[in-house]
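Undergrad: All I have is the shape, not the residue letters:
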């Protein structure tokens, strides 16, 4: 089990704020606004570009590429392939979110084809999505997980080995696995599951951290810890899911080393 420390997380946060990396997102309609605001709040610069005609050029300007299959269409899938290929050729980290994998054969097949074409550095999903990419016996309820995160650990390891990608499972405990490394992050708040798109926000933050940290494993672990800590801070100030979303953006913007050090919960 790899221990994640507050100082290392804070160094990445400072690097994001200093460098303002461009994070290119091909993401779904539901979360474009919220993920863009989260990236801005942590200090990155988001761009949402999905036209097949421009994604190759756009990704060449970026420091990370985030692919999210939440609202699929044939033209978007083609654009995802183009963007991932260009990012790989330029050494730009790719983060993939298999939203709803296992719900339909089209979603599951699309993710498998994307991974086979260009293996991403990081794959982040909930337990059902990760399990569905390994076993055809697993299905998802829309985009929500029907499994606890720990139950998908074996699937995460299998997926990671098959494509040599970091795999992050979000849930009551967030797990990150890659090669011989595993981290468990126990931050977060139950109310976060009542706000749409916070899993997608986690994926976008993985892109921001991958833009400044050469280790995809540490980038994913740091991103998951930061979102969980920000969620805890937001929940203490919120009266419900609506205000939690507002306070979460503020928490990301105001996050400091003391908060990370006091709240970080890892291991086990």
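TA: Yes, it's here. Just so it is clear, the structure is predicted and the values come from calculations on it, not from any experiment. Residues are numbered from 1 along each chain as shown.

Undergrad: which secondary structure element contains the residue lying closest to residue 192 once chain neighbours are set aside?
TA: Distances taken as CB to CB, 6 or more residues apart in numbering place residue 231 nearest to residue 192, at 4.6 Å, with adjacent residues excluded. All C-beta spots, glycine's among them, are computed from the backbone N, C-alpha and C. Residue 231 is part of helix 216-237 when elements are defined by DSSP states H and E.

Undergrad: Mind giving me the packing neighbours of that helix?
TA: helix 6-19, strand 122-126, strand 166-170, strand 174-178, strand 181-185, helix 198-210, helix 241-254, helix 257-263 (3 or more CB pairs under 8 Å, 6 or more residues apart in numbering; DSSP states H and E).

Undergrad: Output the contacting helices and strands for the last one.
TA: Yep, that's helix 257-263 we're talking about. Packed next to helix 257-263, using 3+ CB pairs under 8 Å, 6+ apart, are helix 6-19, helix 216-237.

Undergrad: Now do stretch 226-240: everything it contacts.
TA: Stretch 226-240 is contacted from outside by 9, 13, 42, 174, 185-189, 191-192, 194, 198, 201-202, 205, 209, 243-248, 250-252, 255, 259-260, 263-264, using CB atoms under 8 Å, 6 or more residues apart in numbering.

Undergrad: Go through that stretch and flag the buried ones.
TA: Neighbour counts over stretch 226-240 (16 or more other CB atoms under 10 Å) mark 226-235, 238 as buried.

Undergrad: Average pLDDT for that stretch, rounded please.
TA: The average of the pLDDT scores along stretch 226-240 is 98.

Undergrad: Report the distance from that stretch to the chain centre.
TA: 18 Å (CA atoms, centre = their mean, to the nearest Å).
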